[in-house]
Structure formats: C-alpha cells, structure tokens
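**Q** Model the structure of this input:
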Amino acid sequence: SDQIKPSARMLVVASPFDAPIVASRVSCLVEAALASSYGVPIETTLPLEDESSLLVEIMDDNGHSGLAKMMTSVDSRHAKATYPSDCKALRTLIETEIVGSYQHVDELYKKLLREAIHKASERLRPNTNQNEVKTATFDAKMGHIFELAGDHNTAIAFHRSALESRQRLLDSSHPHIAESLNALGSVYQQCDDLANAYEYHSRALKIRLEMLGVNDIAVAESYYALGSIRTRQDKTVEAVQLLRKALKIQLHSVGANSKTVAITYSALGTAFVKAGDTARGIKAFEKSLMVQLEILGDSCQEVVNTYQCLGKAHFSRSEYSESLWNFNEALRAARTAYGSGSAKVKDCLMAVANVCEVLKDYKESIKVRGLIITEQTKVHGSKEHPEVARSLAALANTLTKQGDLPGAADSFEQSLAIWTALKERTEEVASVYCSLADIYRRQSEFELALQSVEMAFSICRDTQPENNRTVVASCHDMTFCIYRDQGDLERAVDALQAVTALRAQPGSISDCEALLETYRRLHSTFSMLGRDDEATSCHAKAHEIEVEMDNFPRANTRPVAVFPLSDDESDDGDDCDQGHAPTTTKVPDSSEAPKVQQVADRPKSGGGDSGHHSLDESPELLRGSGLDGFIGDGYDSRRESPVMIDGIKIPSVPCARISRAADRLDAVEERRSSSPEYDGWGDEDSVQDKTSSQTNEPSFLYAIGVRQGERSRSNSYLNATQLAVSENVGE
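**A** Model prediction:
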C-alpha cells in the first residue's frame with residue numbers, strides 16, 4: 001500500500017495475450033485493486049511480439065471464443081501465489097480492505113484485459129484507405145469478440161463501423177449488410193433493447209429473403225431471432241409463428257438431429273409456456289431434449305437448461321413427480337457440466353428442495369437444503385455470506401412445516417447472526433426476525449417473540465418504513481398474534497388497527513385478501529371483548545371488501561393465447577411424426593446416473609399429483625389428430641380429430657377452442673353464401689362420401705352453437721341435420 005499510493009501510474013502487461021500471467025497471480029490482482037481505490041491511473045498493454053499472434057486469432061472465427069474467455073475468466077478467489085502464507089494474507093486483504101471484495105477485483109481486471117485487447121486492435125486494424133473491405137471484416141470480427149466478452153457498448157461500436165463501411169462499398173441488399181444488421185440486432189437483444197433488436201433483425205430478414213430465398217438457413221436465423229424477441233415482448237402468437245417458420249427451414253436444411261433445431265424447439269417451448277399453453281410447451285421441450293441427448297450427450301449445459309425448463313413447466317401444472325424427476329436430472333447433469341460448487345448446481349438443488357417440500361417430503365427437502373448450505377460455505381470460504389443466510393432461512397421455513405420448531409428457531413438465529421456480522425439491516429432481515437418471532441410465539445416464548453418483532457420494527461424504521469409497508473404490516477400481524485395468545489386482547493386490537501391503516505388502500509387482489517383477513521380478525525376480537533357495535537362495523541367492512549374483490553382485476557391472470565393451426569402444421573411447429581416416448585412412474589434418486597435412453601423413463605405427464613388423466617394407455621385418442629396438447633394450462637391432452645368443412649379445419653370445441661371454431665364456421669358460411677354453385681354440405685371435389693359428410697357436419701355445427709349458447713343458430717344447424725338424415729338415410 002505504501003508503495004502504490006504515491007505512484008504516478010500503474011502499467012499492466014497482459015502477456016501472453018491469450019492467458020495473461022498477471023490475471024492468475026493474486027499479488028497482481030491486489031495491486032491493481034489497491035491502485036484503483038487510491039485513484040492511481042492504470043494503463044494496459046500487450047507486448048509487440050504478441051500482436052501478430054493476436055491478429056491471427058482475431059481473423060480466425062475459431063479463435064473468438066478463446067479471446068472472449070480470456071477477458072471474462074478472472075477468478076481472484078482462486079488466484080495463486082508463490083508461498084501459501086502470502087496467498088492467505090493477500091486474500092485477507094481483499095476481504096477486509098477492498099470494497100466489493102473478490103467480485104470488485106474480478107470485474108476491475110476483466111475491464112483492464114478488455115482495454116488491452118481494444119488498444120492492440122486499434123494498432124492492428126487495417127488502414128481504411130488501403131482496403132476498406134478488409135477493415136469492415138476486421139471490425140465485424142472484433143464486434144463479435146467483444147459481444148462474447150459481454151462488452152456490449154464496444155461490440156455495438158465495432159458492428160456499426162462494419163455496417164457503415166459495407167453500406168458504402170456494397171449493394172444495399174448484399175448478404176454482408178444483412179450479416180452486420182443481424183449482429184447489431186443480437187447485441188441489442190442482449191442489452192434488452194428489444195425495439196432496436198427487432199428493427200435490425202427485421203431489416204436483415206428482408207435482405208435475406210430477397211437475396212437468399214425463403215428456405216435458406218440464414219433466413220431461419222432471422223426468423224428465430226425475431227421469434228425470441230416477440231416471446232420476451234409477450235407477443236406469443238407472433239413468436240410461435242416466427243419460430244415455426246425457422247424450425248421448418250432448419251428441419252429441411254440441416255435435419256432433425258441438429259443443435260440449431262434443438263435450440264428452436266426450446267424457444268418454441270418457452271413461447272408456448274409463456275402463453276399459458278404448457279402442454280405444447282412441454283412437448284417442444286421434450287423434442288429439444290431428445291435431440292440434445294442424441295448429439296451432445298446427457299451432461300452438457302444445454303441439457304441442464306432443458307431439464308430445468310421441463311421441471312418448471314410440469315411444476316406449473318401441479319405435476320410434481322414429473323417436475324422432481326426433471327430437476328433431479330438437471331442436477332445430475334449440472335454437476336458434470338458446471339461443477340459441484342457452481343451457481344447452476346445450487347439452482348437445481350433449490351428446485352429439488354422446493355418440489356420435495358410441496359410433496360411434503362420434508363425430510364428430503366431438509367437434506368437437500370443442508371447440502372446447499374454446505375456447498376455455499378465451501379464456495380464462499382465461510383458461512384458469512386448473504387447466500388448462506390438466505391439458505392438457512394429457507395431451511396428454517398421447511399423445518400417449521402415439518403413441525404421441528406426448535407430446529408427452525410436455531411436456523412433462523414444462525415441466519416440472523418450472519419446478517420448481523422455483515423452489518424445488513426434490510427427489509428429481508430426484518431422478515432427473518434418476524435419469522436423467528438412466530439416460532440417463539442408457537443413455543444409460548446412470548447418475551448422472545450416480542451423482542452424479535454421489535455428488532456424487525458427497528459430495522460423498518462431505519463430503512464424508510466414507507467417503502468416497507470408489507471413488512472411493517474406483517475410485524476403488526478405478528479404482534480396481534482402474540483398478544484392474542486397471551487390473552488391481552490386490548491393490545492391485540494391496537495396492533496390490528498395499525499395494520500388496517502397500512503392496508504387501507506389495497507393495490508392488488510392479494511392486498512384485498514390481507515385486508516379482508518384483518519377485518520375478520522378485528523370482528524372476532526371485538527366480539528370477544530363485548531364491543532358489539534365495533535364488531536358489527538368490521539363485519540360490514542369485511543363484506544364490502546368481499547364484494548369489491550369480485551370486481552377486482554386479477555393481475556396474475558394471463559389470457560390464454562389461441563394458436564392458429566394450418567393444414568400442414570402440427571401443434572409444436574413441425575411436420576415430423578415424433579410421438580411421446582413411453583413413460584413410467586419411477587422417480588430416480590438424485591444420486592443415480594441415468595443413461596441417455598432414460599429420457600423416456602419418467603413419470604407420466606399429467607398423472608398422479610395433479611388429478612390430470614394420462615392418455616398414454618389410450619393412444620388411439622391422439623393418433624392423427626394434430627391437436628394433442630390443449631391450449632390452456634392445466635388441461636389434459638386428449639383431443640378429438642379435427643373436422644374438415646369446405647377445406648377449413650375445425651378443431652374440437654371444448655373451452656378455449658369454441659371461439660376459434662366459431663370464427664372458422666363463419667368463414668365456412670361466408671364461403672357457402674357467396675358460392676351460387678354450391679350444393680350440399682360437402683365439397684363434391686374433395687369429399688368422396690357425401691352421405692357421411694352431410695350427416696356428420698351439421699351435427700358438429702349444432703354442437704358448436706349449443707356450447708356457445710346461440711340457440712337460434714343451433715336450431716338452424718339442427719334442421720339442416722334432420723333434412724340431411726331424412727334425404728340420405730331415411731326416416
């Protein structure tokens with residue numbers, strides 16, 4: 001420190017350029033962090049002898065990932081020193097003296113390495129006056145490298161420069177211009193600037209369609225990008241249409257067993273799930289998984305992500321056994337793909353614990369949460385870390401549900417001890433104190449319960465109580481419960497009246513429910529105190545809230561998207577006949593190592609946990625329908641075959657499909673009314689069995705009308721049915 005403070009500047013030499021020694025030495029990392037904290041300017045450079053090799057890596061597309069990895073893989077926590085004692089002392093310095101600890105050191109050095117590559121690229125960049133085409137290519141490649149490295153601003157600058165050069169040199173519809181537009185769209189998409197991303201990808205698509213044709217793989221790339229953007233914008237119907245177009249081209253161009261096809265299936269699954277159609281979302285994810293297992297193996301990062309998506313989708317349908325199976329598979333694959341101490345493994349473990357808790361397998365959930373805490377302690381070097389504190393609180397909640405109140409209290413206390421050591425006084429910490437108070441109350445330790453609530457109130461007062469209204473209300477609720485259990489009803493009423501003031505203006509249906517419960521408690525407490533007038537008033541107020549709730553907008557209700565079906569499209573967007581694999585009800589332990597073929601060895605979708613009925617034993621109900629997978633979360637997948645009327649496909653009519661079917665019937669009627677030569681119910685050119693067509697189609701139309709409540713329309717269909725029967729079958 002004494003040598004760094006008076007320095008005029010610090011020079012960081014990143015050599016060799018593809019694996020700088022300074023980035024792996026803890027002393028170099030600490031010196032740079034101290035210089036930054038003291039305001040000492042830091043400059044970076046590469047040795048001149050490294051620049052020719054760097055240029056080769058830049059111009060070779062296969063070298064881009066290596067350069068990006070070099071700029072993003074700094075890990076000060078595992079950096080080395082010559083002597084172990086020095087390493088320990090320097091790590092202590094990082095933990096105690098540097099604000100932001102290891103994360104700050106890592107981000108600072110990543111920035112320095114990016115600056116070193118950027119400066120070198122300025123010297124290596126071809127002269128525009130001599131060869132502008134080569135300059136544009138160089139800029140495009142540098143843009144891709146910095147995009148991979150996560151430096152989006154620098155990437156955009158390089159891609160813009162490449163685009164401007166190409167627009168000066170090439171025809172406006174040249175594929176290289178589309179390439180630059182596509183690259184800019186990708187970077188903006190990563191920056192969450194979806195409007196700009198959509199604009200650039202749309203411009204790229206227009207050029208590609210014009211120059212390459214509708215079946216080129218580059219066109220599929222643009223359709224995929226646009227579909228992904230529309231999914232994130234909640235425009236899921238358009239997203240599905242775009243992704244289906246991408247998938248159709250990909251299946252034709254590269255075949256079913258391709259990584260790009262798997263990626264598009266996953267994107268389709270995400271779009272379907274976001275639209276509320278988890279049945280078709282699951283089907284798309286399963287197709288993606290089958291391709292990934294076939295070409296990538298069962299322990300890659302893509303497989304982990306797909307198993308997680310399947311786990312979440314099944315969980316949303318209350319198919320908990322299926323969800324647990326997929327999360328266990330994700331966990332197994334993540335240990336190999338990411339490493340046992342990775343954030344991805346932690347996410348999978350948490351998902352497994354949560355599902356076990358829902359299944360009321362508290363013993364297994366507690367076991368997994370204990371494993372999470374052990375893994376986090378190893379990764380962070382001690383228990384004094386926010387993630388460990390949160391995991392201890394989650395463990396305490398599970399122990400509470402199991403009925404182990406002493407164990408829950410101990411876990412909450414450990415969590416609070418960590419927050420205290422970290423000097424954190426946030427809304428989250430206040431909530432933990434409130435939860436601990438509830439444990440003490442249930443154990444009749446009322447003094448300790450009141451002390452915990454007072455600690456929660458104290459934190460809320462220190463952190464702007466107007467921004468912590470929910471936590472403050474929870475504290476008042478807990479105070480009421482404590483005084484009620486003690487028999488001090490007057491103080492209990494005071495606590496409830498404080499809650500009423502906080503919840504006076506509900507902003508959501510959950511707020512209304514909380515306020516309703518508060519007035520019910522007040523009514524009950526006033527009744528026990530003999531304060532009948534106040535009890536009656538609270539009862540009336542509770543009734544008013546119930547009436548208000550009936551008309552309150554349900555913010556969490558997502559309208560179900562109804563996706564159009566064309567004659568050559570199946571529900572998941574491709575034309576391939578790939579049915580569901582046979583399934584079993586076995587849920588493997590997380591320690592098992594399934595083989596690739598075990599993608600089929602999972603519990604039946606829709607079975608057991610949720611009350612849905614599996615149709616795996618009745619394949620005839622699904623065969624040939626193209627409608628297996630109901631539009632709407634929570635329904636089973638049974639569908640009748642669609643009916644063709646005048647060349648228009650009429651899907652079966654339950655629930656969400658009624659409206660769509662009626663629209664198509666209107667199209668049928670319009671066609672008939674405008675066709676003077678039309679004679680009969682079927683198209684004579686397309687329907688061979690006219691009798692069957694005439695007797696069946698009107699009955700179907702009648703059913704549509706009845707289910708819509710349009711009796712007059714239904715009766716006209718019924719009359720047509722009776723006429724057809726009498727003329728063709730006989731009385």
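**Q** what sits up against the biggest helix by length in the chain?
**A** When the chain is scanned for its longest helix (criterion: DSSP state H), the result is helix 101-124. The set of residues that contact helix 101-124 without belonging to it, under Cβ atoms under 8 Å, 6 or more residues apart in numbering, is 12, 14, 17, 20, 23, 29-30, 32-33, 36, 42, 44-46, 50-51, 54-55, 58, 67, 70-72, 74-77, 94-95, 98, 100, 138, 142, 145-146, 149, 151, 154. The C-beta positions use only the backbone N, C-alpha and C, and glycine is treated the same way.
**Q** Just the ones of these in strands?
**A** In this view, these that belong to strands under DSSP state E are Val12, Ile42, Thr44, Thr45.
**Q** do you know how far Ala389 is from Leu181?
**A** Distance of Ala389 to Leu181, given as Cβ to Cβ, to the nearest Å: 47 Å.
**Q** Would you show me how to pick out the buried ones of the ones in strands among the contacts of helix 101-124 in PyMOL?
**A** Once 16 or more other Cβ atoms under 10 Å is used to decide burial, the buried members of those can be selected in PyMOL as follows:
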select buried, resi 12+42+44
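**Q** and the two most separated of the ones in strands among the contacts of helix 101-124?
**A** Using Cβ to Cβ, the pair of the ones in strands among the contacts of helix 101-124 lying farthest apart is Ile42 and Thr45, separated by 11.0 Å.
**Q** coming back round to it: including pLDDT, could the ones in strands among the contacts of helix 101-124 go into TSV?
**A** Converted to TSV, these look like this (pLDDT from 0 to 100):
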residue	pLDDT
Val12	90
Ile42	90
Thr44	90
Thr45	88
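**Q** Which of the ones in strands among the contacts of helix 101-124 sits closest to Tyr440?
**A** Ile42 (52.4 Å).
**Q** check contacts around the closest one.
**A** Residues counted as contacts of Ile42 (Cβ under 8 Å, 6+ apart) are Arg9, Met10, Leu11, Val12, Ala32, Ala35, Ser36, Leu112.
**Q** Nearest residue to the first one in space, please, no chain neighbours.
**A** Looking back up the chat, that one is Arg9. Once its chain neighbours are removed from consideration, Arg9 has its nearest residue in Pro41; the separation is 4.6 Å (Cβ to Cβ, 6 or more residues apart in numbering).
**Q** do the same with Ser24
**A** Closest residue in space to Ser24, ignoring its immediate chain neighbours: Ala79 at 5.7 Å, by Cβ to Cβ, 6+ apart.
**Q** Give me the pLDDT for the one you found.
**A** Taken from the predicted model, the pLDDT recorded for Ala79 is 87.
**Q** Distance of it relative to Val26?
**A** As for Ala79, its distance to Val26 is 4 Å (criterion: Cβ to Cβ).
**Q** Figure out how far stretch 461-480 is from the centre of its chain.
**A** Between the centre of stretch 461-480 and the centre of its chain there are 31 Å (Cα atoms, centre = their mean, to the nearest Å).
**Q** actually stretch 283-295, not the one I wrote
**A** 18 Å.
**Q** Equivalent analysis for stretch 443-454, please.
**A** That offset, for stretch 443-454, works out to 39 Å (Cα atoms, centre = their mean).
**Q** mean confidence for it?
**A** 94.
**Q** Stretch 135-149 now?
**A** Stretch 135-149 shows an average pLDDT of 92 in the prediction.
**Q** Give me the contact list for it.
**A** Under Cβ under 8 Å, 6+ apart, the answer for stretch 135-149 is 58-59, 61, 64-65, 67-68, 71-72, 114, 117-118, 121, 124-128, 152, 154-159, 161-162, 165-166, 169, 176, 179-180, 183, 186-187, 190.
**Q** same question, stretch 454-463
**A** Under the contact criterion Cβ under 8 Å, 6+ apart, stretch 454-463 has outside partners 425-427, 429-431, 433-434, 437, 468, 471-472, 475, 478.
**Q** so where's the chain uncertain?
**A** For the chain, applying pLDDT under 70 flags the ranges 1-2, 128-130, 465-467, 506-507, 552-731.
**Q** Show me the strands in it, by range?
**A** Here the chain has its strands, by DSSP E, at 10-13, 42-45, 643-645, 648-650.
**Q** contacting residues around the closest residue to Ala225 other than its chain neighbours?
**A** With sequence-adjacent residues excluded and distances taken as Cβ to Cβ, 6+ apart, Ala225 is closest to His201, at 4.6 Å. For His201, the contact set (Cβ under 8 Å, 6+ apart) comprises Leu181, Asn182, Gly185, Gln189, Ser222, Ala225, Leu226, Ile229.
**Q** so who does the fourth one touch?
**A** Contact criterion Cβ under 8 Å, 6+ apart gives Ala197, His201, Ala225, Ser228, Ile229 as the residues in contact with Gln189.
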